[in-house]
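Asks: this is a predicted model, with the sequence first.
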Amino acid sequence: MSELRKLIDKITEFGINPKVELSDKDDVLKKLLVGIYSEYLNVEFEFDEKDYEEEPDIDYDGILKNVKSNFPDFGWYSSVLDSNKMEPNIEIGIEDELDDLTDIIKDLMLVKWCLENTSKNNALWHFEFSMRTHSEQHLVNLLKRLKERNE
């Protein structure tokens, strides 16, 4: 858990602080994303049945503004919508690196809030659930995009 907390603190800094001072932000981001993904693939928890207060709304636009400031070269990219199809005219979609990272950070900020305001098991449940249903795809897409940027 302590490793997950450290990773969350480091990656959410890109959405909280508009001027993260690092010379190699892309490499740092890749390592953080891989760390988060590893934590997700190895997460274990017991379901917490306790009722807690409702989670706060997290300011997507504020996070996005800081992510843009920290990664000014991030933008739109294309992706294959269904990589299982092997057709000559494959359908592509438009993705956004800024949205990918903003969504990941927003989900992790909620996990951080749960760590501070509920229980470890509840926070881990939120982490696993948000990764499985939402952030995992953003994370995989962003890692792939970061790799392609450097080719």
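Replies: Looks like it arrived, so ask away. Source: prediction; values computed, not measured.
Asks: contacting residues for residue 85?
Replies: residue 91 (C-beta atoms under 8 Å, 6 or more residues apart in numbering). Glycine gets a C-beta too; all of them are placed from N, C-alpha and C.
Asks: gap between the residue nearest to residue 53 when sequence neighbours are not counted and residue 111?
Replies: Residue nearest to residue 53 in three dimensions, not counting chain neighbours: residue 117, with 7.2 Å by C-beta to C-beta, 6 or more residues apart in numbering. Residue 117 sits 11 Å away from residue 111, going by C-beta to C-beta, to the nearest Å.
Asks: look at the two and report which has more neighbours.
Replies: When residue 117 and residue 111 are compared for neighbours, residue 111 comes out ahead with 26 against 13, by other C-beta atoms under 10 Å.
Asks: secondary structure element for the closest residue to that one other than its chain neighbours?
Replies: Distance criterion C-beta to C-beta, 6+ apart; nearest residue to residue 111, sequence neighbours excluded, is residue 127 at 4.6 Å. Element membership of residue 127, judged by DSSP states H and E, is helix 120-130.
Asks: surely the residue nearest to residue 111 is in contact with residue 5?
Replies: No: assessed by C-beta atoms under 8 Å, residue 127 is found out of contact with residue 5, at 10.5 Å.
Asks: so those two - more neighbours on which side?
Replies: residue 127 (26 against 16).
Asks: residue contacts, the more buried one?
Replies: Residues near residue 127 by C-beta under 8 Å, 6+ apart: 4, 39, 40, 43, 108, 111.
Asks: quick check, nearest of these to residue 19?
Replies: Among those, residue 108 lies closest to residue 19 (C-beta to C-beta), at 19.9 Å.
Asks: can you get me a residue count around the closest one?
Replies: Residue 108: 25 neighbours (other C-beta under 10 Å).
Asks: give me the pLDDT value at residue 84.
Replies: Confidence at residue 84, expressed as pLDDT, is 69.
Asks: the residue nearest to residue 111 and residue 22, how far apart?
Replies: For residue 127, the distance to residue 22 - C-beta to C-beta - is 25 Å.
Asks: again with residue 124
Replies: 28 Å.
Asks: now, the contacts of residue 127 that are in helices?
Replies: 4, 39, 40, 108, 111 (DSSP state H).
Asks: dump those to a markdown table, plus distance to residue 17 and pLDDT.
Replies: Below are the ones in helices among the contacts of residue 127 laid out as a markdown table (distance: C-beta to C-beta, whole Å; pLDDT from 0 to 100):
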| residue | distance to residue 17 | pLDDT |
| --- | --- | --- |
| 4 | 20 | 97 |
| 39 | 22 | 97 |
| 40 | 24 | 98 |
| 108 | 15 | 98 |
| 111 | 19 | 98 |
